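Chemist: What would the 3D arrangement of this be:
(chains A and B)
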Amino acid sequence: AQSVTQPDIHITVSEGASLELRCNYSYGATPYLFWYVQSPGQGLQLLLKYFSGDTLVQGIKGFEAEFKRSQSSFNLRKPSVHWSDAAEYFCAVGRGFQKLVFGTGTRLLVSP
Amino acid sequence: NAGVMQNPRHLVRRRGQEARLRCSPMKGHSHVYWYRQLPEEGLKFMVYLQKENIIDESGMPKERFSAEFPKEGPSILRIQQVVRGDSAAYFCASSPSDQETQYFGPGTRLLVL
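Modeler: Residues are numbered from 1 along each chain as shown, chains lettered A, B, ... in the order given. Got it, this is the predicted structure:
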């Protein structure tokens, strides 16, 4: 069965510092991988996705993620965090674009 | 192009009542997905529908829950005889096909008293 682990429940980063959010997945075939962001009281916005090709993918808002098959990971990174990045981040995996399996999320706090 | 619309945004029901949650997909999208988010948890898939068809309902509770996506009008998630454990945020997503990204609505937050 597919599963996603986001080991960090909360992360606090200083504004301007770099960010890495961890995501590990369990899946028997080549996965489709996604990162979504959820602001308080809002729906989920897609940041980026991977399903084939270059393992380093660029997304919106300056985010990127790297697919590492050997480590079953798809970590999200940003070189310089802005206060507006404070939100909850969800990693998700799917066999395709349907029926996504989500991690429990990582809440990002940005300190001044 | 308006995004995925969900209403109501907040819904309060007493135990035993019915809850009806509506989702209008983005224009041109004929595929709808429902997810549930319990407090402090990630989203859990419930059901995947196309117009007038349920494609995958493997995540739906066996009782009290039903979903439809009629030819005309929004998709409806219906919960009969709600219990306190149904309190959650219910998200709808839509896509133009099953090979394309899902776009999420703002969710309906259901509170059962």
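Chemist: Setting aside sequence neighbours, what's the nearest residue to the residue in chain A that chain B sits nearest to?
Modeler: Using CB to the nearest CB, the point where chain A gets nearest to chain B is residue A:102, with a distance of 3.6 Å. Quick note: C-beta positions are derived from backbone N, CA and C, even for glycine. Distances taken as CB to CB, 6 or more residues apart in numbering or on different chains place residue B:42 nearest to residue A:102, at 3.6 Å, with adjacent residues excluded.
Chemist: about what we covered before: show me the contacts for the residue of chain A closest to chain B.
Modeler: For residue A:102, the contact set (CB atoms under 8 Å, 6 or more residues apart in numbering or on different chains) comprises A:4, A:36, A:90-92, B:35, B:42-44.
Chemist: what does chain B have sitting close to chain A?
Modeler: Proximity of chain B to chain A is assessed by CB under 8 Å from any CB of the partner chain, with B:3-4, B:6, B:33, B:35, B:40-45, B:48, B:56, B:58-59, B:91, B:93, B:95, B:98-107 identified as the residues in range.
Chemist: From those, list the buried ones, please.
Modeler: Among the residues of chain B next to chain A, those classed as buried by 16 or more other CB atoms under 10 Å in any protein chain shown are B:3-4, B:6, B:33, B:35, B:42-43, B:45, B:48, B:59, B:91, B:93, B:95, B:98, B:102-107.
Chemist: What about those, which are in strands?
Modeler: Taking DSSP state E as the definition of strands, these contribute B:6, B:33, B:35, B:43, B:45, B:48, B:91, B:93, B:95, B:103-104.
Chemist: list the helices and strands the lowest-mean-pLDDT helix or strand in chain B packs on?
Modeler: Taking mean pLDDT, DSSP states H and E as the measure, chain B has strand B:103-104 as its least confident helix or strand, at a mean of 92. Using 3 or more CB pairs under 8 Å, 6 or more residues apart in numbering or on different chains; DSSP states H and E as the contact criterion, the neighbours of strand B:103-104 among helices and strands are strand A:44-50, strand B:88-95.
Chemist: so which of these comes closest to residue B:73?
Modeler: Ranking the helices and strands packed on strand B:103-104 by their distance to residue B:73 (criterion: CB to CB) puts strand B:88-95 first, at 13.6 Å.
Chemist: how distant is that closest one from the center of its chain?
Modeler: Between the mean C-alpha location of strand B:88-95 and the chain-wide mean there is a distance of 5 Å, by CA atoms, centre = their mean, to the nearest Å.
Chemist: Give the burial count for residue B:51, as a bare number.
Modeler: The tally of other residues near residue B:51 (other CB atoms under 10 Å in any protein chain shown) stands at 13.
Chemist: wait, I meant residue B:30
Modeler: Residues near residue B:30, counting by other CB under 10 Å, number 16.
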